[in-house]
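A.B. asks: Next input, structure requested:
(one chain, ligands or ions: 1)
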Amino acid sequence: MNLFKRIYCRSFQFVMKVAIPFLPYRIPKILNQLEEILPLLKSKKITRICIITDQGIQKNHLLDSFLNVLDENNMEYYIYDKTIPNPTIEQVEEARELYLQNQCQGIVAVGGGSPMDLAKAMGARIVRPKKSVQKMKGLLHIRKKLPLLIAVPTTAGTGSETTLASVIVDSSTHHKYPINDFSLIPHYAVLDYRLTLTLPAQITSTTGMDALTHAVEAFIGKSRTPQTKRMSIEAVRLIHKHLKNCYDNPQSAEDRRGMLYAAHYAGIAFTKSYVGYIHAIAHSLGGQYHIPHGLANAIILPIFLEEYGHKIYKRLSILAKICGIAEERDSKEVAAKKFIAWIYEMNAYMNIPNKVSGIREEDIEKMAQYANQEGNPLYPVPILMDKKQLKKMYYKVME
Ligand SMILES: [Zn+2]
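C.D. replies: Numbering: from 1, shown residues only. Below is the predicted model of the structure:
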């Protein structure tokens, strides 16, 4: 990246970092069981809600007992369950129709990242009826309070229940982009580990690695705060302790709970301290080929950490030593390399490939452009890269 652009990016990031204490960040209030939603709704005099979810949740009957409770208490609910991975603008509009037609008063989003992305964008469209989703792309284009939004994660990964981002795909251009606004932060997060007990191994692994990517990208970036530093460290520690166990023993309550909290803490960390190019590239791959977000991140994460090299040895060594991956007497370099080796080991153990398959050379130019647009100047990454340098990274991660 040329000097002028570097100065521009770093100045922008510096201003954003200085602004952190003055910005209206919120942390959602935590509920530990799905059933706690009912008294909450009653206390807010809400009688009609819109539930945003997907077919997988419905097929696994994860909501059945909760819906019974709602029925017994005469709570009216309208379910939008057509959310697909990488939700589109059309879906946001479809769900919004359902909400408005039935005069709903609040939103409950149940699922992995996608139903929450969709629910946030829908909430934004409800309070900003004249602004299209396309016009909300980027930072702070909503600036209006959303209806009550309760986020119920069923995977331990996205951290979407804490974040101010909603990632939407424009299906006409395959462009996948985030909408960021403080008003998108859910008001409540339900961390109910019972909902994650039936997750297939492959989802457990890739979403867990997504959470790891959030914690690590926030930790190695230049916009850490003491709070996000703590949150990242705690998230990485919990992932090191619980992810492999969740993969091996899906029914383990303690490990499932540990991973839900890990993903939540990682979400709080990157909400203030941002992610980085790993996410920018993963988003472009999701938009172009529907490659699952966590899978893309899991593969790209160690490759990027190697690329950043000595710039991040110190920080990775801290994570490695806290988790017990490295020993106290190890040098920063040795400890950092052990941390990266641990990520490769975790991927291999959980059957995550080393490279991303299906990337077509002719698409790289466009994807690198999207990644460049997303990452620069916003992401406070350890080493800045322009479009040309990002293009090279696609060649490094592709099969
Ligand atoms: Zn992510």
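
A.B. asks: The residue nearest in space to the middle of the chain - nearest residue in space that isn't next to it in sequence?
C.D. replies: Nearest residue to the geometric centre of the chain (CA atoms, centre = their mean): T158, 3.3 Å. Closest residue to T158 apart from its sequence neighbours, by CB to CB, 6 or more residues apart in numbering: G113 at 3.4 Å. The way it works is simple: take the backbone N, C-alpha and C, and place the C-beta from them, glycine included.

A.B. asks: residues near the one you found, how many?
C.D. replies: Look at G113: counted by other CB atoms under 10 Å, it has 27 neighbours.

A.B. asks: Same question for A282.
C.D. replies: Other residues close to A282 by other CB under 10 Å number 28.

A.B. asks: cool, and I142?
C.D. replies: I142: 24 surrounding residues under other CB under 10 Å.

A.B. asks: isn't it right next to D181, touching?
C.D. replies: Yes - I142 lies in contact with D181 (CB atoms under 8 Å); the separation is 4.0 Å.

A.B. asks: tell me, what's touching these two both at once?
C.D. replies: Here I142 and D181 have 124, 136 as joint contacts, going by CB atoms under 8 Å, 6 or more residues apart in numbering.

A.B. asks: and whichever strand or helix holds L243, how far out from the chain's middle?
C.D. replies: L243 is part of helix 226-248 when elements are defined by DSSP states H and E. Remark: helix 226-248 is offset 15 Å from the chain centroid, using CA atoms, centre = their mean, to the nearest Å.

A.B. asks: Let's test this: mean pLDDT of it, rounded?
C.D. replies: If you average the pLDDT over helix 226-248, you get 98.

A.B. asks: what comes into contact with it?
C.D. replies: With contacts defined as CB under 8 Å, 6+ apart, helix 226-248 is touched by 156, 201, 204-205, 208-209, 211-212, 214-216, 218-219, 224, 252, 254-256, 258-259, 261-263, 265-266, 268-270, 272-273, 318-319, 322-325, 342, 346, 349-350.

A.B. asks: quick one: the helix or strand encompassing A269 to chain centroid distance?
C.D. replies: For A269, the element it lies in under DSSP H and E is helix 253-273. Centroid displacement of helix 253-273 relative to its chain, using CA atoms, centre = their mean, is 10 Å.

A.B. asks: my read: S160 touches M116, true?
C.D. replies: Yes - between S160 and M116 there is a contact under CB under 8 Å: 4.0 Å.

A.B. asks: Looking only at neighbour counts, state which of the two leads.
C.D. replies: Between S160 and M116, counting by other CB under 10 Å, M116 is the more crowded of the two (31 against 27).

A.B. asks: Double-check that E161 belongs to a helix.
C.D. replies: No - E161: not assigned to a helix; according to DSSP: H, G, I helix; E, B strand; the rest coil it is coil.

A.B. asks: For it, list the residues it contacts.
C.D. replies: 28, 116, 151-153, 186, 189-191, 264, 267.

A.B. asks: gap between it and I84?
C.D. replies: Here the criterion is CB to CB, to the nearest Å. By it, E161 lies 20 Å from I84.

A.B. asks: The helix or strand of the chain with the lowest mean pLDDT pairs with which strands, parallel or anti?
C.D. replies: The helix or strand of the chain with the poorest confidence is strand 138-139; it has a mean of 86 (mean pLDDT, DSSP states H and E). Strand 138-139 pairs in its sheet with strand 175-180 (parallel), by DSSP bridges.

A.B. asks: Quickly run through the sheet partners of the helix or strand following the partner strand, with directions.
C.D. replies: Beyond strand 175-180 on the C-terminal side, the first helix or strand identified by DSSP H and E is strand 188-190. Here strand 188-190 is paired, per DSSP bridges, with strand 29-31 (parallel), strand 148-153 (parallel).

A.B. asks: buried residues in the longest one?
C.D. replies: Using 16 or more other CB atoms under 10 Å as the burial criterion, the residues of strand 148-153 that qualify are 148-153.

A.B. asks: and what of the first one?
C.D. replies: Taking 16+ other CB under 10 Å as the neighbour-count basis, strand 29-31 is seen to contain the buried residues L31.

A.B. asks: mind checking how far that strand is from the chain centre?
C.D. replies: Chain-centre distance of strand 29-31: 18 Å, with CA atoms, centre = their mean.

A.B. asks: Residues contacting it, please?
C.D. replies: For strand 29-31, contacts defined as CB under 8 Å, 6+ apart pick out 37, 40, 150, 187-192, 264.

A.B. asks: 10 Å instead, please
C.D. replies: When contacts are defined by CB atoms under 10 Å, 6 or more residues apart in numbering, strand 29-31 is touched by residues 36-37, 39-40, 150, 152, 161-162, 186-192, 261, 264.

A.B. asks: Write the ChimeraX selection for whichever of those residues are buried.
C.D. replies: Buried members of these can be picked out in ChimeraX with the line below, counting by 16+ other CB under 10 Å:
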select :37,40,150,152,161,162,186,187,188,189,190,191,192,261,264
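
A.B. asks: Specify the residue ranges that define each domain of this structure.
C.D. replies: Listed by automatic domain parsing, the domain ranges of the chain are 3-21+200-397, 32-196.

A.B. asks: The first one: end-to-end distance?
C.D. replies: One end of domain 3-21+200-397 to the other measures 27 Å (CA to CA, to the nearest Å).

A.B. asks: ok, D54 - contacts?
C.D. replies: Counting by CB under 10 Å, 6+ apart, the residues that D54 touches are 80-85, 87, 110-112, 114-115, 118, 154.
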